[in-house]
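Peer 1: How does the following fold in three dimensions:
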Amino acid sequence: MDRRSFIRGLAGAGLGVHLGTHASRADAGRTPRRPNVLFVMTDQHRLDAMGAYGNRVIRTPSLDRLATQGMRFERYYVAAFPCSPSRASLMTGLHPQSHGVVINGVQLDEEIPTFATELARAGYHTTWMGKWHLRGRRAFVRGSDDELPRLIDKKPPPVDAKRSRNGFQDGVHEGLDYVAYLRDLGLEEPRPGKKVRGGHHTVIEDGHSVIPEKHFIETFLTDRAVAYLEANAKAAQPFCLCVSYEGPHRPITPPEPWDKMYDPAKLPLPATVNDPMTDAPKRHQDFHWRMHGIDLPKERARLKRQLVFENEMWDLLDRPAWTEREYRDLMAHYYGYVSYIDAQIGRLMDAVDRLGLTDNTVVVYTTDHGEFMGGHGCIFKAMMMYDDLMRVPLIVRFPGVVPKGKASRALASSVDLMPTLLDVAGVKVPETVQGRSLRPVLTGRTDKHHEAVFTSFAQPNIQMRMVRTDRYKYSYNWRPRQANELFDMHEDPLEMKNLAGKGAMRPIEERLRRRVFAFMDGIKDPWRDVARSAAKMPPLAKIEFEFDEPYEKEYWVINRGVSRLRVKNGKLVGHIDCPGFMVAQLDEPVKGDDYPVLEITMAATAGKSAHFYWATADRPRMCEALSVRFDIIGDGKMHTYRLELGENADWRGKTITHIRLNPVRRRPARGSLRADWEIDRIGPPR
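Peer 2: Modelled structure (predicted):
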């Protein structure tokens, strides 16, 4: 049977059509064959959820074997967060401010080189199987000299274009192809009215997927990856095969029997599970769950399991505190999912060895970010720079080039992966790449790489930059303005003691902040001027409303600028970190007084006109009739502004439901900020 007939047979057996028929390159025999690339990644794999990284409970024999046959990196950090930005960075060798995928749901520009485009140009056949997460409905617009970047709506490419995307010539789609496969088996709707939509969207009962293991998404992808290896083992053309597994991202629902592989009662909790976060940024505290160690009522437990296992986006702030039992239940399922994926990776490695591909195939394993799993009292992921999320596994095997069983302490970044793969393959690295090849570390010539690595969360209205040096880790939280974080990673590797702003540590913090600014300058970060200006503002600003009645109720808010508002002793007080405007929506409305004049005391570093809006129970929409316009003095000093509300202001005696303060100009010039207002007080004249 010839090779083409063999591939047709695989397709007829439901093992996928896109296996490649690329053995007949005319020039294949004229130059030494380049190494194959097998790139394997998961979604949300915590570093210590692997035996090779010191976990003595979890069973990951395949990844452990890969680590003994190659090199594992112990201080490898993602350059971007969350999923889509991280994936774009490892593909392009660029930080998110440069490749534009600053948040999930943003398209990766086809014009930006990836390791796939460069390998394909050098003669490789490139294939991506599994989770992609770079086909969004928004696009990044860098902006001109007088405006900041923004996201715009953009129609995604046709679904058929998935076969050729960002340099990958073929692929297997985690949604369309997988659902079609289940449909052929009669498993698309395994329960009446419940359909599998592909990817993370399975059908769940009692903490596990009802799809059998042999048809679960990771098994489906591995079957096709093994078939691809078999079809291309003797091809003259080198290949780059990327297998991107869905898990252990939530819903943390592996197929049976993996969901029962671990006894929750025997699992040790993370050492930081009781972190009180008293000196953490306020945003972190609001996301944080505190463990009380008590059993939950049945209904509350059901809701919690739905949150974990059914991928429902509940308002996390409203969920009751997690118990020790719940954390362990989550860990047991997470460990089971990791072990199941490990078994699939074992099948890949066995195929590589069985087909004689071992000596000429570079194998890479990594993930896009980590998982809290109880660390710092949190679950899943959040906008925090802790090692639970940012420090992830990286294992590289290449016999004869990478020494066996080595552990590197070099500081490495996910932007280094793209130039590393090209360098090992003997392919020129584009000059625009911001990472550096890890080849000198992989070959054992050195264990030094970067003096510092950087991670960015660069969503336009939420901005953080982190720098990790050999000893220190510093997070600059500037949009909205939050407390910064500084940890001595030698003395406090668990990141429990925030040293930012503390006495003798201030010079160190200032040096690290300058390092962040130098990094932003070096990559031409479009927010670099704004970040510098924000450093002059205090982390938290106070806003007050005064009332006659002594309310004691605490109000959660849904907004872009205020973390929390509280009415106490006759005052509505809170903290505001304005990213251009402030909105506070009270869960329960409060009664306003009869104020003909309102005062706002605030400082700003850029002058502009602004509106103060409010909404009432009978006028729920904020509009010009419920607003006062005033001009802000931008000298950085505190000024008090008197706002004449007038008889028609619709304030007097009304029930206030929302408040908002925003600039008239929605796109400020570079250097004029949407995050630079310090509001000291809003209330009646004193």
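Peer 1: and the closest residue to Lys266 other than its chain neighbours, what does it touch?
Peer 2: Leaving aside its chain neighbours, Lys266 sits nearest to Val57 (7.6 Å; criterion: Cβ to Cβ, 6 or more residues apart in numbering). The C-beta positions use only the backbone N, C-alpha and C, and glycine is treated the same way. Contacts for Val57 (Cβ atoms under 8 Å, 6 or more residues apart in numbering) come out as Tyr262, Lys266, Leu267, Pro268, Tyr335.
Peer 1: so what's Phe115 up against?
Peer 2: Met91, Gly93, Gly167, Cys240, Leu417, Met418, Leu421, Leu422.
Peer 1: now, among those, which is nearest to Arg515?
Peer 2: Gly93 (20.7 Å; Cβ to Cβ).
Peer 1: Now do the closest one, the pLDDT please.
Peer 2: On the pLDDT scale, Gly93 is placed at 97.
Peer 1: Give me the neighbour count for it.
Peer 2: The local packing of Gly93 (other Cβ atoms under 10 Å) involves 32 other residues.
Peer 1: Name the weakest-confidence residue in the contacts of Phe115, if you would.
Peer 2: Among the contacts of Phe115, Gly167 has the lowest pLDDT, at 85.
Peer 1: right, and it touches Ala116 too?
Peer 2: Yes - counting by Cβ atoms under 8 Å, Gly167 does reach Ala116; the two are 3.0 Å apart.
Peer 1: Distance-wise, check the residue nearest to Lys266 relative to Glu205.
Peer 2: 26 Å (Cβ to Cβ, to the nearest Å).
Peer 1: Ok, Gly405 next?
Peer 2: Applying Cβ to Cβ to Gly405 and Glu205 gives a distance of 42 Å.
Peer 1: again with Val101
Peer 2: 35 Å.
Peer 1: between those two, which one's more packed in?
Peer 2: Neighbour tally, Val101 and Glu205, criterion other Cβ under 10 Å: the higher count belongs to Val101, 31 against 13.
Peer 1: name the element that one belongs to?
Peer 2: Following DSSP states H and E, there is no helix or strand that holds Val101.
Peer 1: Secondary structure element holding the closest residue to it other than its chain neighbours?
Peer 2: With sequence-adjacent residues excluded and distances taken as Cβ to Cβ, 6+ apart, Val101 is closest to Ala88, at 3.9 Å. Following DSSP H and E, one finds Ala88 within helix 83-92.
Peer 1: now for the helix or strand following that helix, which elements pack on it?
Peer 2: Downstream of helix 83-92, the first helix or strand assigned by DSSP H and E is helix 96-99. Packing partners of helix 96-99 (3 or more Cβ pairs under 8 Å, 6 or more residues apart in numbering; DSSP states H and E): helix 83-92, strand 452-459.
Peer 1: In this structure, which helix is the longest?
Peer 2: helix 324-354 (DSSP state H).
Peer 1: Against which helices or strands is it packed?
Peer 2: By 3+ Cβ pairs under 8 Å, 6+ apart, helix 324-354 packs against strand 36-43, helix 61-68, helix 217-232, strand 239-248, helix 298-309, strand 361-367.
Peer 1: Any chance of JSON lines for those, columns distance to Asn484?
Peer 2: Formatted as JSON lines, those follow (distance: least, Cβ to Cβ, whole Å):
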{"stretch": "strand 36-43", "distance to Asn484": "29"}
{"stretch": "helix 61-68", "distance to Asn484": "35"}
{"stretch": "helix 217-232", "distance to Asn484": "39"}
{"stretch": "strand 239-248", "distance to Asn484": "31"}
{"stretch": "helix 298-309", "distance to Asn484": "30"}
{"stretch": "strand 361-367", "distance to Asn484": "27"}
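Peer 1: Out of these, the one nearest Pro460 is which?
Peer 2: strand 36-43 (24.0 Å).
Peer 1: Low-confidence stretches in the stretch 451-600 of the chain?
Peer 2: Applying pLDDT under 70 to the stretch 451-600 of the chain picks out residues 480-481, 537-600.
Peer 1: Show me where it has its strands.
Peer 2: 452-459, 462-469, 472-479, 485-488, 541-546, 554-556, 562-568, 571-576, 582-591, 597-604 (DSSP state E, counting those that start in this stretch).
Peer 1: who's in contact with the closest residue to Lys155 other than its chain neighbours?
Peer 2: Nearest residue to Lys155 in three dimensions, chain neighbours excluded: Arg137, at 7.2 Å (Cβ to Cβ, 6+ apart). Taking Cβ under 8 Å, 6+ apart as the criterion, Arg137 is in contact with Gly105, Gln107, Asp153, Lys154, Lys155, Pro156.
Peer 1: Distance-wise, check Arg137 relative to Ser86.
Peer 2: 19 Å.
Peer 1: can you tell me which residues contact Lys195?
Peer 2: Glu188, Glu189, Val203 are the contacts of Lys195 under Cβ under 8 Å, 6+ apart.
Peer 1: again, but for Leu269
Peer 2: Glu324, Tyr327, Arg328, Met331, Gly374.
Peer 1: Any chance of CSV for those, columns neighbour count and pLDDT?
Peer 2: As requested, these are arranged in CSV below (neighbours: other Cβ atoms under 10 Å; pLDDT from 0 to 100):
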residue, neighbour count, pLDDT
Glu324, 18, 81
Tyr327, 24, 84
Arg328, 19, 89
Met331, 25, 92
Gly374, 26, 87
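Peer 1: from the residues you listed, which is closest to Trp258?
Peer 2: Met331 (13.5 Å).
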